[in-house]
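A.B. asks: Just need the structure, nothing else, for what follows:
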Amino acid sequence: MAAVAGCSWSTLGVLGKLAYSFGADPLTVISLRATIATVIVAFFLLITNPRRFRIKPVDFPFFFVYGFLGVAMNYLGYFYALRFTTVAPAITLLYTYPAMVVVLAFIMYREPITKPKVIALTLTFLGIALSAFGLSSPKVGLNLPGLLFGLLAALGNAAYTLSGKRAQVSYNPQTSLFYSFLFGALTLLTFRYAELGAKFVLEPRAFLVIFIIALVPTLLGYGLYTYSLRFIEAGRSSITSSIEPAIAIYLAFIVLGEVPSSVQIFASGLIILGVVVLHLRRK
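C.D. replies: Residues are numbered from 1 along each chain as shown. Next up is the predicted model:
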């Protein structure tokens with residue numbers, strides 16, 4: 001499930017480029033994707049099992065932090081990181097989150113830090129760094145705001161993983177998904193209102209692409225990722241989902257005609273190898 005979630009997330013780059021080419025701005029895209037995903041999950045729960053809306057009043061602060069950090073700060077951190085720095089360091093900083101998850105899951109849930117995890121982390125992070133810098137110009141352009149926002153995005157992803165793991169103890173994954181999206185969407189809409197106002201002016205084709213973003217990389221991707229936390233450790237799930245950049249390289253080639261360099265092909269091989277190593281049965 002975590003691997004399929006990573007494959008779903010890999011469509012975001014292609015779909016995002018399409019949305020931007022139709023005139024949508026990034027802040028509108030990230031706020032609408034979370035809002036549409038929230039509405040879809042709410043409708044699904046309403047017709048299947050309304051009781052899954054129920055959460056204990058004492059857990060509202062937890063779910064607010066879950067949505068605020070795991071969804072809103074994740075999206076906003078990456079969005080603002082791209083404003084201050086180039087794509088390569090932003091992607092690389094974002095994918096420090098599996099290492100954060102492995103360490104924090106050990107502290108919080110006593111998930112062991114095994115040799116396969118360390119090898120997989122090393123291979124996937126090296127592959128992600130190589131693939132990211134293969135996309136950039138020689139000038140990296142990393143600065144303090146870019147560094148901080150990139151790490152904020154990584155922290156958001158880590159928070160989503162760890163909070164999702166904790167939520168599985170008491171709640172169904174659909175309940176966790178709904179409230180994380182709800183509070184994330186409310187936060188993102190507030191940021192968008194502060195920066196761009198209340199108006200949403202979009203071409204129909206731009207809205208259609210954003211709707212697909214809400215369905216595939218958002219709802220399907222995060223839904224499968226949340227479900228995966230019921231069956232495997234948080235650290236393993238986060239590393240496995242790091243397959244996203246490798247798949248994105250080939251998806252961009254198929255859909256957009258962006259030919260990968262030899263460095264990127266090698267890098268994608270490292271990422272896939274890291275995920276395979278993680279799931280090899282120990283002798």
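A.B. asks: What helices and strands are in contact with the helix or strand harbouring residue 252?
C.D. replies: Assessed by DSSP states H and E, residue 252 sits inside helix 244-256. Secondary-structure packing of helix 244-256 (3 or more C-beta pairs under 8 Å, 6 or more residues apart in numbering; DSSP states H and E): helix 2-9, helix 12-21, helix 115-135, helix 262-279. All C-beta atoms are positioned from the backbone trio N, CA, C, and that covers glycine.
A.B. asks: buried residues in that helix?
C.D. replies: 244, 245, 246, 247, 248, 249, 251, 252 (16 or more other C-beta atoms under 10 Å).
A.B. asks: Pull the residues that contact that helix.
C.D. replies: 6-7, 9-14, 17, 91, 95, 127-128, 131-132, 258-260, 264-265, 267-269, 271-272 (C-beta atoms under 8 Å, 6 or more residues apart in numbering).
A.B. asks: which of the residues you listed are buried?
C.D. replies: The buried subset of the contacts of helix 244-256 (16+ other C-beta under 10 Å) comprises 6-7, 9-14, 91, 95, 127-128, 131-132, 258, 260, 264, 267-268, 271-272.
A.B. asks: Which of the helices and strands packed on helix 244-256 sits closest to residue 213?
C.D. replies: Residue 213 lies closest, by C-beta to C-beta, to one member of the helices and strands packed on helix 244-256: helix 12-21, at 4.9 Å.
A.B. asks: Could you list the low-confidence segments of the stretch 1-150 of the chain?
C.D. replies: Counting by pLDDT under 70, the stretch 1-150 of the chain has low-confidence residues at 86-88, 132-143.
A.B. asks: Please enumerate the helices of it.
C.D. replies: 2-9, 12-21, 26-48, 60-67, 74-84, 87-94, 97-109, 115-135, 144-167 (DSSP state H, counting those that start in this stretch).
A.B. asks: For residue 199, which of these is the nearest?
C.D. replies: With C-beta to C-beta as the yardstick, what comes closest out of the helices of the stretch 1-150 of the chain is helix 26-48 (10.0 Å).
A.B. asks: what's the spacing between that closest one and its chain's center?
C.D. replies: Remark: helix 26-48 is offset 16 Å from the chain centroid, using C-alpha atoms, centre = their mean, to the nearest Å.
A.B. asks: Quick one: low-confidence residue ranges for the stretch 151-283 of the chain.
C.D. replies: In the stretch 151-283 of the chain (pLDDT under 70), the answer is 256, 279, 281-283.
A.B. asks: what does stretch 214-225 contact?
C.D. replies: 1-2, 4-6, 8-12, 15, 32-37, 40-41, 160-161, 164, 173, 177, 180-181, 237, 241.
A.B. asks: if we go to 6 Å?
C.D. replies: Outside stretch 214-225, the residues that touch it by C-beta atoms under 6 Å, 6 or more residues apart in numbering are 1, 4, 5, 8, 9, 11, 12, 33, 36, 37, 40, 177.
A.B. asks: Now tabulate these in CSV and tack on distance to residue 214.
C.D. replies: Listed next are the contacts of stretch 214-225 as CSV, based on distance: C-beta to C-beta, whole Å:
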residue, distance to residue 214
1, 19
4, 17
5, 15
8, 12
9, 13
11, 12
12, 11
33, 5
36, 4
37, 5
40, 7
177, 13
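A.B. asks: Among these, give me the pair with the biggest separation.
C.D. replies: 1 and 36 (22.1 Å).
A.B. asks: out of the two, which sits in the busier spot?
C.D. replies: Legend: neighbour count by other C-beta atoms under 10 Å for residue 1 and residue 36, higher for residue 36 (21 against 18).
A.B. asks: Ignoring the adjacent residues along the chain, who's closest to that one?
C.D. replies: residue 214 (3.7 Å; C-beta to C-beta, 6 or more residues apart in numbering).
A.B. asks: And the one you found, how far from residue 31?
C.D. replies: 11 Å (C-beta to C-beta, to the nearest Å).
A.B. asks: The two: which is more packed in?
C.D. replies: Neighbours were counted for residue 214 and for residue 31 using other C-beta under 10 Å; residue 31 has more, 26 against 23.
A.B. asks: Name all residues that make contact with the more buried one.
C.D. replies: 188, 189, 192.
A.B. asks: which residues make contact with stretch 50-60 from outside it?
C.D. replies: Contact partners of stretch 50-60, identified using C-beta under 6 Å, 6+ apart, comprise 45, 172, 174, 175.
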